[in-house]
Every structure is written in C-alpha cells, then in structure tokens.
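Engineer: Provided below are the primary sequence and the corresponding predicted coordinates.
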Amino acid sequence: MEVPPEMLDALAGWFAQTLSPDAAARRAAEQSLSSAASSPGFALALLALAASPRHDLQARLASSVHFKNLLRRRWPKPDADDATGLLPASDCAIIKAHLLQFLLTAPPLIQAQLSEALAAAAASDFPSKWESLLPSIVSSLGTALAAGDVVATNSLLAAAASLFSRFRNAFDNNALRLDLKYCLDNFAAPLLEVFLSASRRLQAAGAANPLELRPVFDCLRLSCEIFYSLNSIDLPEFFEDHMNEWMTGFRAFLTTTYPPPVEADGAPDLLRAAVCDNLQLYMEKYEEEFRGFLQEFVEAVWGLLMAQTASPSRGQLAVTAIRFLTTVAESVHHALFGSPEAMKQICDSVVVPNLRLRDDDEELFEGNWVEYVRRDSEGSDADTLRRAACRLLRGLAANYRDQVAALVSAQVQQMLAAYAADRANNWKEKDAAIYLVIALMQRPGATGGGTPVVDMESFFTSVIVPELQAPDWQSEPMLKATVLRFLKEFKDQIPKATAVALLPSVVRFLSHESNVVHSYAATFIENLLMIKDAVPVPGATTVTRSHRYVAADINPFAPQIIQNLSTALSFPDSHENPYLMKCLMRVLGIANIAGQIVHDITARLVGILMEVCNNPKNPDFNHYLFESLAAVIGRAGEQDPALVPVFEASLFPVLQRILVEDIAEFWPYAFQIFAQLVNLSQPPLSQNYMQLFGVLLSNATWDRPPCVPALVRLLRAFLRKIPNELNQEGRLPNILVIFRSLLSRSSTEDSAFYMLNTLVENVGFDIMSPYISEIWSALFTRLQTRQAVKFVNSLVVFMSLVLVKYGSGVLVSSIDAIQPSLFTQILQRFWIPNLKLIKGTLEVKLTAVASTRLLCESAVLLDAAAAQWWGKLLDSTVALLSRTDQGGAQQEQNDGADAVDVQRTSGYSVSFVRLQYAGRSEDDLLREVNDPKQFLVTSLATLSAQSPGRFGPVIEHNVDPANKSVLLQLCATYNTNIV
C-alpha cells in the first residue's frame with residue numbers, strides 16, 4: 001500500500017494543528033482534513049500514517065482515531081440505499097488486505113483504535129465478504145502460540161475480541177447465528193488451546209516479576225472476553241462439552257492468591273472481573289447447565305469480597321463480583337443468602353464497606369466532577385461500588401423484604417447516631433445513610449416496589465432539611481451533594497408548599513464553589529419545574545397533565561436563580577456546565593422576566609455564545625445555550641414587542657459571525673433563531689433581514705443537509721411576513737429548484753413537503769398558478785420510484801392542503817392538466833388506501849376535511865359512474881376519524897418540555913436539533929372546523945338531502961360494516977341523518 005510521503009507529512013501536520021490553542025489554526029486544519037476526506041485514497045492515507053513509525057505518536061494516534069470513525073461512517077453497508085459518500089470498493093479491498101498486519105505491529109494505543117476499525121469494517125463484510133480474516137487470525141495465533149510469543153498472541157486476541165464483540169448486543173436472527181457458527185467452528189478450539197496454555201504458564205510462573213506476568217494475565221483476560229462474546233447468543237455445543245475445563249480455570253483464578261507484588265499490579269483482579277462477567281452471563285442465561293458449579297463459585301466470589309488487597313483494580317472486580325451475587329440473589333437460588341447470618345454478613349461485610357465514600361470518590365469529586373456526576377446520578381456505564389452494593393440489597397429484598405428492611409433501618413440509625421456523636425469527622429456516615437435511603441425507598445415510577453427503611457416524612461424533616469438550611473452551607477460539599485440528589489430523586493413526593501418554601505435554600509447552592517453541588521442544585525430546580533400532575537377533565541373520564549409549578553410560583557425566585565446561575569457559569573470548570581445552562585433554559589422558559597434582567601441575561605448569553613464560537617466542543621451545553629436564547633426571545637419578545645430591536649442588535653453580530661466564519665455546528669441553530677426573530681418582527685422588514693432572505697434563496701445555502709429543516713422554518717417565517725416578495729426577481733422559480741433538489745433525496749423529502757406546504761399556506765393561487773404543473777410533475781415523477789408510506793402520506797397531506805386553500809376544482813383540474821383523469825388514478829391508488837394511515841392531530845383534521853369536501857363538492861366523485869370510489873373514500877375517511885390514537889402530539893402552547901438531551905458522542909458532528917423554545921405551534925388552517933367528525937356527517941346530511949335515497953345504497957355496498965356502524969353512531973351523536 002503506497003501513499004506518497006508528502007501526503008503523510010501533510011496529514012501529520014494537520015492533525016498537529018487540530019490541537020493548536022489558536023482557533024484560526026484549528027479551523028484551518030479541520031477544514032483541510034474535511035476537504036481531503038472526499039479525495040480518493042484518504043482512508044488509505046490515514047491507515048498508512050497510523051502505521052508509519054517515522055511520524056510522531058500523537059499524529060499517528062489521531063490518524064487511527066480518524067480512520068476508525070471514517071470506517072464507521074463510510075464503510076459500505078449491505079442495506080445502504082445510496083452509495084454516495086461511501087468508500088470505494090477498491091479502497092475497501094486494500095484496507096482489508098493490510099489492516100490486520102498493521103494492527104499486529106502497532107503500539108498498544110493505536111492497536112486499540114485499529115481493532116475497533118477492524119470491527120467496524122467486519123460488521124458489514126465479515127464473514128461473507130472477508131473470508132480470509134478469521135483464518136489469518138487463527139493461523140497467526142497458532143504460530144504465536146507455538147513460539148511462546150504472548151505479546152503477539154495478545155494482539156491477535158484483541159483483534160478477535162473486537163471482531164466477536166458484535167455478538168454481545170446484536171439482534172438475534174438466523175443470519176447472525178450462521179455467522180456465529182462460522183466463528184465457533186473456526187475459533188472455539190483455538191481459543192480453548194490458548195486459554196489452557198496461558199493457564200499452565202501462569203501456574204508454572206510462581207513468584208515471577210509482575211511485569212513478566214502481566215501479558216499472561218492479559219492473555220487470559222482477553223480469552224475470557226471472547227468467551228463472553230461467543231456465549232452471548234446461546235450456549236454453544238463446544239463450550240458445553242468443555243465447560244469443566246473452562247470452569248476449572250475460572251475457579252483457579254478466583255481462589256488463587258498471587259504474591260503481593262503481582263496482586264498490587266492489578267492484572268489478576270482485571271482477569272477475575274472478566275471471569276465474574278462470564279459467571280453472571282451463565283447464571284442469567286444457562287442456569288440449568290451452570291447450577292452444578294454455582295455453590296463453589298458463590299463461595300469463591302464471596303471470599304474475594306472479604307479479602308483485603310492493595311490492587312488498583314479491586315474496585316472494578318468488586319462491582320462485577322457483587323453483580324454476580326445480585327443475579328444469584330434474584331434467582332431461584334436466593335436461599336443461598338436466606339439465613340439471618342448470611343444476610344447480616346452481606347450487610348456488614350459487603351454492602352456497608354462499599355457504600356461509604358472512598359478516597360478515590362473524593363478525588364473524583366474534586367478532580368473530575370463531570371465523571372462523578374455521571375456515575376453518581378446518571379447511571380453511566382461505569383458502575384460504582386455504591387450502586388452495585390445497593391443493587392445487591394434490592395435483589396435480596398425481592399425475596400426477603402422485611403428482613404432487609406430491618407437490617408437497613410438499623411444500619412441507617414446507627415450511621416445517623418455516629419454522625420450526631422461527631423459531626424465534623426463522621427459526615428460520611430450521614431452521607432452513606434442518605435444514599436441507602438435513596439437506593440432502597442420507593443420512588444414514583446419505580447418498578448418492583450421499594451423497601452421502607454425509614455419514615456420518609458420524619459427522615460426528610462430531621463435529616464435533609466437541616467442540611468439545606470444550615471448556616472455553613474459551603475461545608476462538607478459531598479454531603480450537600482447527596483442531600484440535593486435526595487431532593488431530585490424524591491421531588492414528586494415533596495408537597496408544593498414545602499418545595500416552594502425550600503427554594504431559597506436550594507437557590508443559594510447554585511453559587512456553591514463545588515461544581516458537583518451547584519450542578520445538583522441546578523438539576524433539582526430544572527427537574528422540579530418539569531413535574532406534571534394528572535388533572536381530571538370536567539365531565540369526562542380522561543385526565544390531562546399540567547405543570548405543578550407555573551410562572552407565578554417561580555417568578556419571586558427567578559431573578560436570584562438567574563443571577564446565581566450566571567455567577568456559577570463563571571466558576572472554574574463550569575464555563576460550559578450543561579446542568580447550569582439547562583436549568584437557566586427552563587427558568588427562562590417559564591418565568592415572566594422583564595426590564596433590566598432581560599437586557600442583562602441576553603448580554604450574558606450572547607457573551608457566552610461569542611466565547612464558545614471559538615471552539616464548539618460541548619454539544620449539550622451549546623444546545624441549552626441556544627434554547628436559553630430562544631426562551632428569552634420568545635417569552636420576553638412576545639410580552640414586549642419593543643424588545644425585538646434590542647434582541648436584533650444583540651444577536652445579529654454573533655449570528656452573522658456564525659455564518660461568515662462558517663461555524664458549521666451552529667448553522668442550524670442560527671437559522672432557527674433568525675426565524676424566531678423574523679416571526680416577532682413587523683413588516684416592512686429591515687435591510688438586514690432582506691439580505692438574509694437573499695442568502696436563504698441561494699442554492700449553496702441548502703447544500704448542507706443538517707441545515708435544511710432550519711432553513712425551511714426560516715423560509716416559512718419570511719413567507720408569513722412578506723409573501724408577495726416571492727413574486728419578484730425570480731424568487732419563486734429559485735425556491736422550486738431547491739424544492740426539487742430536496743425532493744430527490746429520501747433524507748430531505750420531509751423538508752421538501754414542508755417547503756411546499758409553507759408556500760401553499762402563505763401564497764395565493766394567483767402567484768402559484770404558473771408553477772403548479774411543475775410542482776405536480778416533480779411529485780408524481782418521484783412517486784413512480786418512491787411509494788413508501790411516509791412519502792405517500794406526505795403527498796396526501798399536501799393535496800389536502802391545496803384543496804383547502806385553493807378549492808377542490810383547482811386541485812382536480814391542475815392535476816388533470818398533467819394527464820387526463822390523472823387525479824382519479826391518484827385518488828384510487830394512493831389517497832383512498834393511505835388516508836387511514838395519516839398521523840398527527842392537524843394532519844388528520846386537514847385530510848379528513850379535505851376528503852369530506854371531495855365527497856360533497858367534487859364533480860369527479862359525484863358523477864354516478866364514480867359511486868364505488870365515492871363509497872371507498874367515505875370508508876377510509878370514517879376509518880381515519882374512528883381511530884382512537886391519532887399518533888400525534890396535542891397542539892398545545894410549547895413549553896419546551898421536550899427540549900432534547902443531545903446524545904453524547906466522542907466527537908462533535910453537525911446535525912439538526914430542533915429548538916423547542918424557538919418553535920411556534922403549527923397554524924390550524926381550519927379553525928372554523930371545530931370537529932372534523934361533525935363536519936363529515938353534517939356535510940353528508942346536507943348532500944344527501946339534495947338527492948334523497950341516492951347515497952344509502954352506495955354506503956351499504958362500499959363501506960365496511962364496522963365503519964358503517966361508526967358512521968351511524970356519529971349521525972346519532974350529532975343528530976343528523978343521511979337520507
């Protein structure tokens with residue numbers, strides 16, 4: 001694989017520049033990499049740089065990461081509709097020919113990335129399109145094993161572990177099982193040979209140097225990880241036949257104590273943790289085959305948890321060991337722990353020691369607060385000892401609820417007594433007691449019930465409230481964080497009056513110097529404002545859900561909350577704290593703010609945005625930042641239109657900077673904010689807006705798919721304000737060019753229809769008339785090759801909109817102008833069959849009313865020859881209206897409740913995320929029709945009265961009996977008759 005040296009040098013230079021503190025240099029390097037990504041051979045160059053020993057290790061590592069991510073995005077998928085942007089087959093072939101060899105010779109950090117890259121490619125091609133891969137690994141593994149080369153063996157096992165990891169979480173189907181059988185046939189026996197060989201080598205090593213033994217432990221750990229992957233779908237026959245050999249090895253690793261220097265290295269505990277994972281897998285999935293080994297493994301794992309060691313990996317081992325015991329405790333074998341002595345020993349020797357805060361917890365709290373929050377309150381993948389210990393208690397409580405409640409209650413009281421005896425030194429006891437209560441007490445929405453270990457009201461009053469109201473509120477930050485987490489977990493159970501009374505105490509924690517504490521305070525306030533209570537609907541059996549806390553409740557505290565949040569955003573390591581910004585977003589979206597506070601918070605948010613424009617790196621924070629801006633604009637701007645020019649003056653410079661400097665991550669947000677400002681403005685629009693309108697109509701602006709939904713919203717806003725501008729300077733034809741481009745891709749066809757709907761809603765037929773045939777031609781041409789339900793439904797909605805806005809005559813004649821009787825064909829093949837599939841409250845109403853008008857107004861359907869299709873259209877209309885679930889959200893004033901949490905990714909990708917606070921409710925074009933069901937039957941009654949006896953037989957012959965029954969019921973409900 002030949003790559004020009006100058007290309008490798010250029011790549012290495014760009015990767016180095018991406019780490020530059022200079023934003024301009026960083027962006028230039030990122031742009032160079034982005035441009036090069038579309039050139040032929042780019043993936044090969046990345047792989048070559050990763051494997052190049054003459055280049056800097058950091059550049060090689062960056063190249064390997066880029067290569068891995070590139071393969072994940074652009075490696076051809078078997079089910080890909082569109083090959084655009086995918087790697088060419090020639091590049092894929094070269095990569096498959098060289099990747100394994102490069103992986104085996106790479107340094108460990110790069111090897112890990114290349115292993116994941118191999119897995120990404122293999123997910124699509126292995127084994128059917130990469131038949132040489134597994135035989136190559138097996139052959140090389142045999143050579144390494146014969147030579148006693150543990151390092152090479154481990155490299156091959158790491159590649160195999162990445163390759164087989166797909167079986168852990170994949171959806172079980174026949175194709176997957178065939179692939180698994182192929183892997184088992186080729187690899188199960190070699191894996192056992194490696195495992196037994198490494199086991200013998202470890203047993204013979206004696207008191208060897210830890211550095212010499214670490215590769216052997218790694219070899220066994222990788223073997224255990226592959227064991228897990230290959231056993232994840234079903235118990236393979238080979239592993240069942242050789243279960244005794246595997247379990248003998250597993251038991252030896254758990255029960256053997258190695259010399260202190262070896263134990264202190266941590267490698268033995270990493271191996272034991274992998275063994276415990278395998279034990280849990282067998283306990284969960286293959287209990288019948290595993291039960292003969294269960295007793296001895298429970299004893300072995302229990303013994304590990306009792307043993308003291310200086311191993312740095314003991315925490316990870318303890319988590320997996322406790323997880324295994326929890327699985328046993330929740331199974332039919334729970335009696336192993338059922339005796340009072342065993343249960344007390346679990347509580348005293350396993351749960352309580354692992355529940356108390358450790359030194360590494362305090363270090364994490366101070367040194368990496370983000371990871372602490374994820375582990376402590378968000379349930380991250382990295383499980384904690386505290387969570388594992390409490391899960392074991394909950395597992396025991398499933399069968400021994402009263403016994404566990406008594407033990408834990410006594411333990412909580414003992415911890416609180418220890419704290420009361422020495423508050424300064426025993427605060428960790430109180431922290432552990434509160435954590436126990438959080439873990440075991442029932443919470444709203446929790447499944448499986450809870451274990452009542454304390455009287456909640458008394459505990460809240462005597463334990464929680466004093467910490468919130470303590471004068472020394474800056475002290476013991478870890479205890480304060482746990483108290484605030486308690487509030488968050490039980491927020492629904494706190495009476496409204498109590499919560500409002502406690503708010504001033506909680507608000508001060510927003511300015512606490514601890515990142516965790518002010519983050520937890522912000523999270524509690526944000527969560528509190530999202531609580532909804534069920535409210536019965538008068539005169540109905542249904543309920544609606546409304547917010548417990550409204551503007552009147554939060555208004556008295558809003559200025560202080562906003563000030564404290566603004567202060568906290570200036571603290572070290574909280575400049576881009578997403579919890580603070582999310583809380584600010586929620587408060588701004590609910591509270592009524594006015595006057596100087598609007599000016600101050602707008603300036604603060606714009607200043608933060610200016611800063612993050614230098615290096616957008618936190619998607620969550622940036623999303624909530626734009627939501628906060630949208631909330632201020634929406635709430636304050638609607639209440640006081642005089643503020644709109646203030647918002648424009650503050651926001652235009654930073655929004656223009658986003659466009660001019662091509663900060664691609666923020667383009668979708670910027671266009672949504674522009675749309676919000678346009679919606680609030682009054683015509684005539686300023687020159688700045690008209691310049692933006694010109695940018696909007698440029699084809700190049702629409703070349704970025706993530707921006708398209710936001711651009712359509714901006715176009716919609718402009719058309720609401722200045723619809724007649726489309727009739728000037730050839731703007732409408734230009735929009736139709738953009739529409740055809742959007743329509744040609746399934747990923748953007750939704751936006752194409754949204755654009756069309758926007759045009760029809762806001763532009764009169766006198767302007768649209770010259771172009772309507774062009775629109776129909778484009779839609780029906782696409783329909784010939786794209787008859788998916790989603791596309792056809794969108795087409796039916798658009799045709800309904802045309803009918804409602806321009807009349808049934810215009811709809812029929814404009815379609816028939818393309819081809820005689822084309823409307824009838826469309827009606828029969830698409831409108832009638834798909835009508836009952838329409839979803840969304842407004843869409844259902846629109847299509848039902850349009851169908852009703854077709855039934856009662858259209859000469860095509862009222863022709864006697866069309867009686868059958870008239871009946872079938874009525875049948876579909878009734879079916880549509882009879883559905884109890886319309887599949888759409890209620891059209892309520894947007895409260896931002898569904899402001900999304902952006903998925904955390906390893907990198908920052910440009911995508912469209914809707915700003916909930918910037919969105920307007922969709923316009924109901926049929927406000928005069930309160931009830932489409934009533935509209936249907938009253939319209940039919942009026943029609944039938946003009947021709948008595950004509951439509952009854954048509955309904956009898958063409959409407960489904962169930963729908964006929966619904967129709968009769970509707971007539972009775974609305975006191976009408978079809979005669």
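Structural biologist: On my side now, so go ahead. Treat the numbers as computed from the prediction; the structure is a model and nothing was measured.
Engineer: Need the residues that contact stretch 100-111.
Structural biologist: 47, 50-51, 57, 60-61, 64, 114-115, 118, 133, 136-137, 140, 152, 155-156, 158-159 (CB atoms under 8 Å, 6 or more residues apart in numbering). For every residue, glycine as well, the C-beta is placed using N, CA and C.
Engineer: quick one: buried residues of stretch 69-84?
Structural biologist: Along stretch 69-84, these residues count as buried under the neighbour rule (16 or more other CB atoms under 10 Å): N69, L70, L71, R74, W75.
Engineer: The last one and G315, how far apart?
Structural biologist: Taking CB to CB, to the nearest Å as the measure, W75 falls 37 Å from G315.
Engineer: now do G589
Structural biologist: 41 Å.
Engineer: Look at those two and report which has more neighbours.
Structural biologist: Neighbour tally, G589 and G315, criterion other CB atoms under 10 Å: the higher count belongs to G589, 23 against 18.
Engineer: Verify the stated contact: N615 with A25.
Structural biologist: No - using CB atoms under 8 Å, N615 is not in contact with A25, being 11.5 Å away.
Engineer: and the helix ranked longest in the chain, what other elements does it pack with?
Structural biologist: The longest helix of the chain (DSSP state H) is helix 174-205. Under the contact criterion of 3 or more CB pairs under 8 Å, 6 or more residues apart in numbering; DSSP states H and E, helix 174-205 touches helix 133-147, helix 150-164, helix 166-169, helix 210-230, helix 237-241, helix 243-255.
Engineer: The same query, at a cut-off of 7 Å, please.
Structural biologist: For helix 174-205, the packing partners by 3 or more CB pairs under 7 Å, 6 or more residues apart in numbering; DSSP states H and E come out as helix 133-147, helix 150-164, helix 210-230, helix 237-241, helix 243-255.
Engineer: Among those helices, show me which one is buried the most.
Structural biologist: helix 150-164 (a mean of 23; mean count of other CB atoms under 10 Å).
Engineer: if you average pLDDT over stretch 32-46, what comes out?
Structural biologist: Averaged across stretch 32-46, pLDDT comes to 90.
Engineer: end-to-end on that stretch?
Structural biologist: Terminal residues of stretch 32-46 lie 14 Å apart, using CA to CA, to the nearest Å.
Engineer: Show me what counts as buried in it.
Structural biologist: Those would be S32, L33, A36, G41, F42, A43, L44, A45, L46, for stretch 32-46 by 16+ other CB under 10 Å.
Engineer: One more: stretch 289-308?
Structural biologist: Neighbour counts over stretch 289-308 (16+ other CB under 10 Å) mark F290, F293, L294, F297, V298, A300, V301, W302, L304, L305 as buried.
Engineer: Columns distance to N727, pLDDT and secondary structure on top of those, output as TSV?
Structural biologist: Formatted as TSV, the buried residues of stretch 289-308 follow (distance: CB to CB, whole Å; pLDDT from 0 to 100; DSSP: H, G, I helix; E, B strand; the rest coil):
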residue	distance to N727	pLDDT	secondary structure
F290	76	95	helix
F293	81	95	helix
L294	80	94	helix
F297	79	95	helix
V298	80	94	helix
A300	82	94	helix
V301	78	93	helix
W302	82	89	helix
L304	79	89	helix
L305	78	87	helix
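Engineer: What is the nearest of those to A642?
Structural biologist: Using CB to CB, L305 comes nearest to A642 of the buried residues of stretch 289-308, at 67.3 Å.
Engineer: Go ahead and confirm the closest one touches V319.
Structural biologist: No - with contact defined as CB atoms under 7 Å, L305 does not reach V319; the gap is 10.7 Å.
Engineer: sorry, back to before: now the helices and strands packed on helix 174-205 in JSON lines, with distance to L759 and mean pLDDT?
Structural biologist: Listed next are the helices and strands packed on helix 174-205 as JSON lines, based on distance: least, CB to CB, whole Å; pLDDT from 0 to 100:
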{"stretch": "helix 133-147", "distance to L759": "53", "mean pLDDT": "94"}
{"stretch": "helix 150-164", "distance to L759": "50", "mean pLDDT": "93"}
{"stretch": "helix 210-230", "distance to L759": "53", "mean pLDDT": "94"}
{"stretch": "helix 237-241", "distance to L759": "63", "mean pLDDT": "96"}
{"stretch": "helix 243-255", "distance to L759": "67", "mean pLDDT": "96"}
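Engineer: can you redo these as CSV with distance to G952?
Structural biologist: Formatted as CSV, those follow (distance: least, CB to CB, whole Å):
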stretch, distance to G952
helix 133-147, 70
helix 150-164, 67
helix 210-230, 67
helix 237-241, 68
helix 243-255, 74
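Engineer: and of those, who's closest to Y435?
Structural biologist: helix 243-255 (28.6 Å).
Engineer: going on from the closest one, what's the next piece of helix or strand?
Structural biologist: helix 260-265 (DSSP states H and E).
Engineer: who touches that next one?
Structural biologist: Identification of contacts with helix 260-265 by CB atoms under 7 Å, 6 or more residues apart in numbering yields P210, L213, R214, P268, T309, A310, S311.
Engineer: Roughly how far does G367 sit from P572?
Structural biologist: G367 is 12 Å from P572, by CB to CB.
Engineer: So which of the two has more stuff around it?
Structural biologist: Shown here are G367 and P572; by other CB under 10 Å, G367 has more neighbours (11 against 7).
Engineer: what's the more buried one sitting at in phi/psi?
Structural biologist: Phi and psi for G367, reported as degrees, to the nearest 10, are phi -100, psi -30.
Engineer: who are the neighbours in contact with it?
Structural biologist: Listed by CB under 7 Å, 6+ apart, G367 has no contact partners.
Engineer: gap between it and L510?
Structural biologist: Separation of G367 from L510 (CB to CB) stands at 22 Å.
Engineer: right, and E857 touches G807 too?
Structural biologist: No - taking CB under 7 Å as the definition, E857 is not a contact partner of G807, at 8.2 Å.
Engineer: Give me the nearest residue to L862, chain neighbours excluded.
Structural biologist: For L862, ignoring the flanking residues on the chain, the nearest one in space by CB to CB, 6 or more residues apart in numbering is W870 at 7.3 Å.
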